[in-house]
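# A predicted structure for the sequence below; I have some questions about it.
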Amino acid sequence: MIRLSDRSPITREDAPWLGAALAAGLLAVVVYLATNPYPAYGAGLYLRIADAIAANGYAPPARIAGYTAEGVPFAYPPLQFYVLAVLLDLGADPVALARVLPSVGVLAALVPVYLLARDYAGSRPAGALAGVAVALNPQLLQWHVSAGGVVRAFAFCYALTAIYAGYRALDHDSRRAVAAGALAFGATVLTHPTYSLFVVVTSVLLWGVRHRSVDGFARSAAVGVGG
């Protein structure tokens, strides 16, 4: 059984196993970038939203021009669009952002994948295997490493971080994990509604199969309410 401190969930022993998961993710990213000189699936609307935010002095714009005759309402969770707006303001090329930025989210998401599988199975090789399986899953890659991943890949990363922190809060009665889970769930809510639902459903399932207690439910609720 792997024993972990409340302070750090990653130790030196994790390096080769987490490295294997990240290597698989890096391979997928390199293949995508090598075969897609233009960002797959476009994501022009996402960049247009970010541009409108920057042009509006970072106040939320009412509508986004250029899509339908009257534009579309700005009714999206805003976090990643503000990140994009800052990067565009700093001079980043929009096409380069749509190609490369999703890869950052894809690789970052593999860290909580590894940690959750490792802790759930009590095995570092199991964590590495889960990371490789996620990194090379075509359906996940289709929507995360492509241009829409400027939002979705990071929503996936925030969601998995919230799920892992919630799992640690259940199994370790950790205040740090509750705080980290609340922060990550809040970021998920501010990024994508479907991934927020993914966090809620997964957290309920984990509580049901791992820690059916009033205390466990209270800690999970603290993550949700805090977020």
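Now that the structure is in, tell me what you want to look at. Treat the numbers as computed from the prediction; the structure is a model and nothing was measured. Numbers count the residues shown, from 1 in each chain.
# quick one: residues in contact with stretch 69-83.
45-46, 49-50, 52-53, 58, 60-65, 150-151, 154-155, 187, 189-193 (Cβ atoms under 8 Å, 6 or more residues apart in numbering). (Each C-beta comes from the backbone N, C-alpha and C, glycine too.)
# what mean pLDDT does that stretch have?
The average pLDDT within stretch 69-83 is 93.
# what sits against Leu183?
Counted by Cβ under 8 Å, 6+ apart, Leu183 has contacts Gly226, Gly227.
# which SS class is it?
helix (DSSP: H, G, I helix; E, B strand; the rest coil).
# quick one: it and His144, what's the gap?
21 Å (Cβ to Cβ, to the nearest Å).
# please name the nearest non-neighbouring residue to Arg210.
Nearest in space to Arg210, with sequence neighbours left out and distances taken as Cβ to Cβ, 6 or more residues apart in numbering, is Leu170 at 5.8 Å.
# the one you found in helix, strand or coil?
Per three-state DSSP, Leu170 ends up helix.
# leaving out chain neighbours, which residue sits closest to Asp51?
Asp51 sits nearest to Leu88 (Cβ to Cβ, 6+ apart), 6.2 Å away.
# may I ask which helix or strand encompasses the one you found?
helix 79-89 (DSSP states H and E).
# let me see the confidence value for Ala98.
In this model, Ala98 carries a pLDDT of 94.
# can you pull the contacts of it?
Pro39, Gly42, Ala43, Tyr46, Leu47, Ala147, Val150.
# how many residues are close by the residue lying closest to Pro9 once chain neighbours are set aside?
Setting aside the residues directly before and after it, Pro9 is nearest to Leu115 in space (Cβ to Cβ, 6+ apart), at 5.6 Å. Using other Cβ atoms under 10 Å, Leu115 has 24 neighbouring residues.
# and the one 10 residues further on, by the same measure?
Here the count is done by other Cβ under 10 Å, and Pro125 has 13 residues near it.
# mind checking pLDDT for the residue nearest to it when sequence neighbours are not counted?
Excluding the flanking residues, the one nearest Pro125 by Cβ to Cβ, 6+ apart is Trp17, at 6.5 Å. Looking at Trp17, its pLDDT reads 97.
# could you number the chain from 33 rather than 1 from now on?
I'll keep to 33 as the first residue from here, and by that count the last item is Trp49.
# pretty sure Trp49 is touching Arg150, no?
Yes. Trp49 is within contact range of Arg150, at 7.4 Å (criterion: Cβ atoms under 8 Å).
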